[in-house]
Every structure is written in C-alpha cells, then in structure tokens.
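Enquirer: Give the three-dimensional model of this entry:
(one chain, ligands or ions: 1)
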Amino acid sequence: MTKIYKTHSLLPHNTFGIDATAENFVEFSSVDDIVAFLSKGFDGRSLVIGGGSNLLFVNDFDGTVFHSAIMGMEIVDENENDLLLRVGSGVNWDELVAYTIEQGWGGLENLSAIPGEVGASAVQNVGAYGVEAGELIAKVETVRLDDATCWEFTHDECSFSYRHSIFKDTEKGKHIITYVTYRLSKKPVFKLTYGNLSEKVEQLGGATLANVRRAVCEIREAKLPSPEKIGSAGSFFMNPVVPVSVAESLAKEYLSMPQYPLACGDVKLSAGWLIEQCGWKDTPHEHVGVYKHQALVVINRGGATGKNVLDFAEAVVASVKEKFGVTLNMEVNVID
Ligand code: EPU
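Expert: Model prediction:
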C-alpha cells in the first residue's frame with residue numbers, strides 16, 4: 001500500500017524535534033508499491049528519509065519526502081558459520097539488533113541502541129564502538145527514483161568508508177533503498193577493544209551477545225541524550241582527519257588532545273574534545289546547545305528552529321577553526 005499525504009508534518013520524522021512540513025509525503029510498504037508509484041513518472045525535489053535521526057530541516061520541504069515502511073526479515077542463505085539476513089528498509093534499527101541477538105547471531109551487537117532505520121544504515125554506514133554497519137552489509141537493493149528500475153549493489157559497490165557510502169556520493173539522491181542484506185555470524189567473534197567496553201562486559205559476567213548489548217546500551221545512555229527526551233541527531237559533526245604533521249604540532253601544544261592514528265597514515269581527532277575545549281559546554285543558549293556529556297551532540301533545548309541549530313553549528317565550526325585551525329564537517333544532513 002502507498003500512502004500519500006499533502007502538507008505533512010515532519011515533526012514525528014526527525015529526532016531533532018524540528019517543526020517543518022513536507023509538501024508531499026509518500027510512504028510505501030512494498031517494492032511493487034513504490035515501483036507502481038514511480039512508474040507514473042515523478043519529477044520535482046525529492047528526499048528519502050529513514051527514522052530522521054540524522055537530518056536537520058532548515059525550512060519546510062518544497063518537494064516529496066519518501067519513507068519506506070517495508071518490513072520483514074528473512075534468511076536468504078546460510079551455512080554452519082554464518083547467514084545472510086535480508087531486512088526491509090523500514091525496520092527499526094535497534095529492533096533488528098535485538099532480534100539478531102535473541103537468535104544468537106553475532107555482528108550487530110556493538111551497534112545497539114542507535115536510532116534510525118535499516119535503509120539509512122547503508123547510506124550513512126552507521127558506526128559505534130569499533131564496528132561499522134557497512135562491514136556486515138552484503139547487499140543493498142534499491143529502486144531508482146527517475147525510472148522506477150530495481151537495482152542491487154554488492155558490498156564492494158557500496159564503497160563504505162567512515163560515515164560514507166556511494167549513496168552519499170555518486171548515487172546520492174538517486175535511489176530508494178528497499179532491502180539491506182547483512183552477513184551475520186553463528187559463531188560470534190566479539191570486538192571489545194573500544195574504550196572501556198571490555199571492562200564493562202567483564203563486570204556483566206563476560207562476553208556474550210546479550211552482555212555486549214547491555215554494556216553498549218549503558219555506555220550510550222551515560223554519554224548520549226535519549227531522542228525521546230532531548231531533540232538531537234546524535235553526533236552532529238564527524239571526527240576530523242588531519243595529516244600526521246598537523247596532529248604532531250597540535251599534540252605539542254595540547255598535551256591531553258585525544259588522537260587516533262589511522263591505517264592510511266592520517267590521524268583522527270575527537271570533535272567532541274575540540275568543541276568542549278572551545279567552551280561550548282558552558283555556553284548557555286536559549287534554544288540550542290551541546291550535550292553536557294558529549295559536546296559532539298548538538299541538542300534542541302526546546303523550540304529551536306532548523307535555522308537556530310544551523311547558526312549555532314556554524315558558530316561552533318568557526319570557533320574550532322579559530323582555536324585549532326581544524327575544520328569540522330557536519331555528519332548531519334542539512335536539508336534546506
Ligand atoms: N571527548 C571530550 N569531550 C566531549 C566528548 C568527547 O573530551 O564532549 C573525548 C572523550 O573523552 C574521548 C574522545 O573524545 O577521549 C572520543 O569520545 P567518544 O568515545 O564519546 O567517541 P566520539 O569519537 O566522540 C564516535 C561516534 C559516535 C559513537 C562513538 C562510540 C562519530 C562522529 N561519532 O564519537 O557516534 O557512538 O564514537 O563509538 O564518529 C553518532 O554517530 O550519532 C554517534 C553517536
């Protein structure tokens with residue numbers, strides 16, 4: 001079934017709590033439905049959204065917003081070690097993670113409690129605690145917006161990198177994701193090297209899928225605002241990557257600056273730390289601020305417009321540039 005709404009409120013569709021509207025809002029629950037809709041011919045501005053956990057609406061959207069309500073999960077292949085699980089793009093991300101853990105399938109446990117839906121996991125290559133969703137994605141199925149044809153992208157064709165994929169690059173704005181297939185393990189191998197994760201897991205009784213999920217949920221709860229209580233889009237900025245020469249001179253000046261050397265030779269810095277050092281945790285603003293436990297997260301303190309948030313974010317970027325000479329890029333997709 002395809003549902004079509006006019007002048008539709010986007011308030012329930014963005015975790016920032018921005019009160020914007022879409023001129024048209026189209027929600028579909030099967031591939032056949034969206035193919036039939038697009039086959040009639042579609043042009044004009046379009047935006048495909050998932051759970052709206054990584055979007056900032058600066059204005060009302062003068063076009064068509066598409067939302068997948070394709071549900072369901074099925075095993076499409078398996079052997080004694082692993083299995084391929086094909087999941088509808090409208091499935092809630094954390095319901096997927098919880099289900100795979102109940103079944104005893106490993107892979108997604110470090111990605112517990114991330115807001116959003118399955119389709120977006122492939123666009124954004126969501127990541128946390130040393131794991132990125134792209135590592136587990138075997139295939140992405142889509143329908144093209146311009147000609148309603150069905151496409152399949154293999155893992156390699158998706159070109160996953162830090163919070164990035166082909167769907168944010170050459171294929172940006174061209175596809176509606178319908179299904180994502182994940183490769184999960186029947187013999188889980190735990191990844192516990194991030195921060196104090198292994199310590200937390202030990203405290204809970206040792207490495208099991210359920211304990212890793214619990215530990216991750218507890219760490220997230222302590223550091224990140226719950227979208228039901230405080231409007232935000234999780235990390236607003238990406239962690240900046242700088243050449244080693246820049247990292248070395250910054251380390252000399254700022255002895256406590258966290259730095260993470262990457263395999264490519266560059267160095268990842270912590271955007272949260274840089275923002276905190278610029279004093280933003282202590283700068284009260286009426287509508288917008290950074291979260292007290294994680295400065296990387298810009299929050300709606302109540303009644304913020306998208307423009308308020310964007311102005312605030314630009315002031316944060318300017319201050320980090322001025323103090324450290326480092327440019328922060330937004331992780332959030334700004335829609336104006
Ligand atoms: N830090 C500060 N002040 C802050 C925040 C962080 O000094 O206000 C320092 C911490 O002490 C730590 C370092 O910065 O030394 C890194 O902090 P953290 O471990 O919280 O991770 P992050 O790099 O800030 C990234 C992801 C998060 C993900 C965590 C855990 C990005 C943009 N963000 O944050 O992702 O949960 O790692 O893996 O890569 C999201 O994308 O919405 C998100 C929450």
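Enquirer: Tell me the confidence at the residue nearest the centre of the chain?
Expert: Centroid check for the chain by C-alpha atoms, centre = their mean gives Val126 as the closest residue, at 4.4 Å. Turning to Val126, the model gives it a pLDDT of 95.
Enquirer: and this structure, which residues reach the ligand?
Expert: Residues of the chain lying close to the ligand by C-beta under 6 Å from any ligand atom are 128-129, 194-195, 223-224, 234-235, 238-239, 258, 270, 272-273, 276, 294-296, 331. Glycine gets a C-beta too; all of them are placed from N, C-alpha and C.
Enquirer: do that again at 8 Å, thanks
Expert: 53-54, 114, 126-130, 162-163, 194-195, 219-220, 223-224, 233-235, 237-239, 258, 268, 270-273, 275-277, 281, 290-291, 293-297, 331 (C-beta under 8 Å from any ligand atom).
Enquirer: could you check the distance from the residue nearest to the centre of the chain over to Asp94?
Expert: To Asp94, Val126 is 11 Å away according to C-beta to C-beta, to the nearest Å.
Enquirer: What's the local residue count around Ser226?
Expert: Residues near Ser226, counting by other C-beta atoms under 10 Å, number 12.
Enquirer: what do Val126 and Asp94 both touch?
Expert: Shared contacts of Val126 and Asp94, defined by C-beta atoms under 8 Å, 6 or more residues apart in numbering, comprise Ile114.
Enquirer: any idea of the pLDDT on the residue lying closest to the residue nearest to the centre of the chain once chain neighbours are set aside?
Expert: Leaving aside its sequence neighbours, Val126 sits nearest to Ala133 (C-beta to C-beta, 6 or more residues apart in numbering; 4.9 Å). We note a pLDDT of 98 for Ala133 in this prediction.
Enquirer: residues contacting Ala133?
Expert: Per C-beta under 8 Å, 6+ apart, neighbours of Ala133: Leu108, Leu111, Ser121, Ala122, Asn125, Val126, Gly127.
Enquirer: For the residue nearest to the centre of the chain, which residues are in contact?
Expert: Neighbouring residues of Val126 by C-beta under 8 Å, 6+ apart: Trp93, Leu111, Ile114, Gly116, Ala120, Glu132, Ala133, Arg163.
Enquirer: could those be laid out in TSV, adding secondary structure?
Expert: Output for the contacts of Val126, formatted as TSV (DSSP: H, G, I helix; E, B strand; the rest coil):
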residue	secondary structure
Trp93	helix
Leu111	helix
Ile114	coil
Gly116	coil
Ala120	helix
Glu132	strand
Ala133	helix
Arg163	coil
